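K.L.:
All I have is the shape, not the residue letters:
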């Protein structure tokens with residue numbers, strides 16, 4: 001149980017209700033972290049953009065992903 005009570009659909013504004021509907025359609029239920037994040041509309045929108053971008057990550061070829069991981073490993077000094 002989170003320390004902050006989540007926003008219930010009856011208390012939510014139109015944007016938050018739309019987000020709840022989309023998540024419920026994808027996952028079957030509205031998860032608790034989303035309800036807590038709904039306190040900040042900007043944060044909720046940002047998380048939605050991030051999640052949708054992560055779902056579309058298959059657009060880059062696998063070789064490009066490998067090159068990016070090698071570049072990041074060399075930048076942070078990680079022996080791989």
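P.N.:
Yes, it's here. All of these numbers come straight from a predicted model, not from anything done at the bench. Numbers count the residues shown, from 1 in each chain.
K.L.:
what number of residues lie near residue 3?
P.N.:
Other residues within reach of residue 3, judged by other C-beta atoms under 10 Å, total 5. C-beta here means a position set from N, CA and C on the backbone, and glycine is covered the same way.
K.L.:
Over to it. Which of the three states is it?
P.N.:
The three-state label for residue 3, taken from DSSP: H, G, I helix; E, B strand; the rest coil, comes out as coil.
K.L.:
can you tell me how far it sits from residue 12?
P.N.:
Applying C-beta to C-beta, to the nearest Å, the value for residue 3 to residue 12 is 20 Å.
K.L.:
which helices and strands does the helix or strand harbouring residue 36 pack with?
P.N.:
For residue 36, the host element (DSSP states H and E) is helix 32-37. Packed against helix 32-37, as judged by 3 or more C-beta pairs under 8 Å, 6 or more residues apart in numbering; DSSP states H and E, are the following elements: helix 14-27, helix 41-55.
K.L.:
Stretch 5-22: which residues count as buried?
P.N.:
6-7, 12, 16, 19-20 (16 or more other C-beta atoms under 10 Å).
K.L.:
how long is that stretch end to end?
P.N.:
21 Å (C-alpha to C-alpha, to the nearest Å).
K.L.:
State the distance from residue 77 to residue 67.
P.N.:
Distance, residue 77 to residue 67, using C-beta to C-beta: 18 Å.
K.L.:
what about the two, which has more around it?
P.N.:
Set side by side, residue 77 and residue 67 show unequal neighbour counts under other C-beta under 10 Å, the larger going to residue 67 at 11 against 6.
K.L.:
Return the per-residue confidence for the more buried one.
P.N.:
Predicted confidence (pLDDT) for residue 67: 91.
K.L.:
Helix, strand, or coil at it?
P.N.:
Of the three states, residue 67 takes helix according to three-state DSSP.
K.L.:
Residue 62 - how many residues pack around it?
P.N.:
The burial metric for residue 62, expressed as a neighbour count using other C-beta under 10 Å, is 8.
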